[in-house]
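Undergrad: Got a sequence here, can you model it:
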Amino acid sequence: MADLISGTHARPLGGQCECGRNRFPINISDISCEGCWAEATGDWEDAYDFLHLTIDERIEINGKVVSLDGPKAWIRFFGELHPAVVAGLGKAA
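TA: Numbers count the residues shown, from 1 in each chain. I've put the predicted structure just below:
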């Protein structure tokens, strides 16, 4: 498994989230092969069972909200990101 990219050590990655009919910008941190934290400008409306993420304008993956903490949500990916992709995102951050 690839190492976690900790948001405390690198700037968050930009991204977009599509949930139902909503689309909004997010900041992505603590990304791993299995999931990430996503921070929106306001509180999340719901713990979505399905959402589509665009990470750093180049990676697209589906997932679901597993837990909410105000404007932050832990998102579990459906499938996994390849460890080399996670490592490349760490270099971009």
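
Undergrad: my guess is residue 63 meets residue 76, correct?
TA: Yes. Here residue 63 reaches residue 76: they are 5.6 Å apart, a contact under C-beta atoms under 8 Å. C-beta: built from backbone N, CA, C; applies to glycine.

Undergrad: Spit out the residues that contact the two alike.
TA: Residues touching both residue 63 and residue 76 by C-beta atoms under 8 Å, 6 or more residues apart in numbering: residue 35.

Undergrad: who has more neighbours, the two?
TA: Shown here are residue 63 and residue 76; by other C-beta atoms under 10 Å, residue 63 has more neighbours (23 against 12).

Undergrad: Which pLDDT does the model give the more buried one?
TA: What the model reports as pLDDT for residue 63 is 97.

Undergrad: Dig out what it forms beta bridges with.
TA: Residue 63 has the following beta-bridge partners by DSSP bridges: residue 51, residue 77.

Undergrad: and if you look at residue 59?
TA: residue 55.

Undergrad: Does it touch residue 85 like I think?
TA: Yes. Applying C-beta under 8 Å as the test, residue 59 and residue 85 come out as touching, 6.5 Å apart.

Undergrad: these two touch, right, residue 83 and residue 34?
TA: No. Look at residue 83 against residue 34 with C-beta under 8 Å: they stay out of range, at 11.0 Å.
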